[in-house]
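Asks: Structure, please.
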Amino acid sequence: MKINIKSYRPGKIICIGMNYKSHIKEQDGRFPDKPVLFCKANTCIIKNNESIICPDEVHELDYEVELAVIADSKMKNIKPEDVIDHIYGYTIINDVTARDLQKREGQWFRAKSFDTFGPIGPEIILRDEIEDIQNLNLKSFVNGQLRQDSNTSEMIFKVYDLISFISYSMTIETGDLIATGTPAGVGVFMNSKSLLKSGDEVVCEIEKIGRLTNKVTCSTP
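Replies: Next up is the predicted model:
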């Protein structure tokens with residue numbers, strides 16, 4: 001199987017919330033006993049250099065840099081030590097979120113699934129090209145200003161453990177994408193909220209994968 005990032009649209013986008021220690025601390029949350037799972041609609045996917053479109057009803061638009069894992073084959077009830085054999089590769093996902101809707105509606109799916117709320121890229125790096133997936137620097141920038149700065153070693157639940165956990169709940173199919181969580185530095189939890197506005201440029205960067213760049217377009221600035 002060969003996946004081209006330009007035409008790639010995953011069947012499922014399975015996301016992990018609250019998976020970086022710093023992200024939990026910045027919001028005074030509790031550390032989860034088990035991975036927190038949610039989904040994004042696959043119609044939210046856009047690629048590098050495409051625009052994030054902010055709907056009129058969204059007034060608190062936020063960014064989240066995340067390592068994304070792409071499945072190479074079906075997984076069901078897979079042990080952590082066997083996961084690596086079922087991974088195709090890795091990319092970056094920006095888990096764009098409407099914070100106001102997320103808070104007001106009490107569920108995450110709609111707030112994270114608007115069209116264009118899932119930028120991925122800039123490319124897919126094959127699994128064998130990354131020696132240690134739990135030791136990658138990841139950062140985000142808004143208009144050149146550093147917002148998030150962490151390392152995948154900070155994950156509470158590690159990549160192989162996460163995927164194993166998911167596989168005992170549902171079948172992971174070829175091409176599915178697993179987003180593994182975000183560290184501290186998102187706009188909503190900064191001392192003075194620093195949310196996205198029309199014209200902003202968001203760059204998500206992960207070591208050995210590259211830089212994912214998208215501009216924000218809103219009907220009102």
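Asks: Which per-residue confidence value corresponds to residue 158?
Replies: Predicted confidence (pLDDT) for residue 158: 98.
Asks: in the lowest-mean-pLDDT helix or strand in the chain, what counts as buried?
Replies: Counting by mean pLDDT, DSSP states H and E, the weakest-scoring helix or strand in the chain turns out to be helix 21-26, with a mean of 92. Within helix 21-26, the residues that count as buried by 16 or more other CB atoms under 10 Å are 23, 24, 26. For every residue, glycine as well, the C-beta is placed using N, CA and C.
Asks: Give me the sheet partners of the helix or strand following that helix and which way each runs.
Replies: Moving toward the C-terminus from helix 21-26, the next helix or strand (DSSP states H and E) is strand 36-40. Take DSSP bridges as the rule and strand 36-40 pairs in its sheet with strand 13-17 (antiparallel).
Asks: and stretch 49-56, what's its mean pLDDT?
Replies: Average pLDDT, stretch 49-56: 97.
Asks: As CSV, could you dump the C-alpha coordinates of the longest helix along the chain?
Replies: Longest helix in the chain by number of residues (criterion: DSSP state H): helix 159-167. Extracted in CSV, the C-alpha atoms of helix 159-167 (Å, rounded to 0.1, in the frame of the first residue of the first chain):
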residue,chain,number,x,y,z
VAL,A,159,1.7,5.8,21.0
TYR,A,160,1.8,2.0,20.9
ASP,A,161,-0.2,1.7,24.1
LEU,A,162,-2.8,4.2,22.8
ILE,A,163,-3.3,2.2,19.6
SER,A,164,-3.5,-1.0,21.4
PHE,A,165,-6.2,0.5,23.7
ILE,A,166,-8.2,1.7,20.8
SER,A,167,-8.0,-1.6,19.0
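Asks: Now do that helix and strand 13-17, the angle between them.
Replies: Following axes from the mean of the first three to the mean of the last three CA atoms, to 10 degrees, one obtains 120 degrees for the angle between helix 159-167 and strand 13-17.
Asks: and helix 159-167, how far from the chain's centre?
Replies: Distance of helix 159-167 from the chain centroid (CA atoms, centre = their mean, to the nearest Å) equals 16 Å.
Asks: Contacts only, for the closest residue to residue 34 other than its chain neighbours.
Replies: Nearest non-adjacent residue to residue 34, counting by CB to CB, 6 or more residues apart in numbering: residue 165, 7.0 Å away. By CB atoms under 8 Å, 6 or more residues apart in numbering, the contact set of residue 165 is 34, 35, 157.
Asks: try residue 66
Replies: 15, 92, 93, 94, 95, 138, 179, 180, 181, 182, 204.
Asks: Help me confirm that the last one comes into contact with residue 67.
Replies: No: here residue 204 lies out of contact with residue 67, judged by CB atoms under 8 Å, at a distance of 10.0 Å.
Asks: Compare those two (neighbour count), which wins?
Replies: residue 204 (31 against 25; other CB atoms under 10 Å).
Asks: Could you give the bridge partners of that one?
Replies: For residue 204, the beta-bridge partners are residue 140, residue 212 (DSSP bridges).
Asks: quick one: it from residue 84, how far?
Replies: Separation of residue 204 from residue 84 (CB to CB, to the nearest Å): 24 Å.
Asks: same question, residue 111
Replies: From residue 111 across to residue 84, the span is 33 Å (CB to CB).
Asks: what about these two, which has more around it?
Replies: Neighbours were counted for residue 111 and for residue 84 using other CB under 10 Å; residue 111 has more, 24 against 14.
Asks: pLDDT at that one, what is it?
Replies: pLDDT recorded at residue 111 is 97.
Asks: With that, I have no additional questions.
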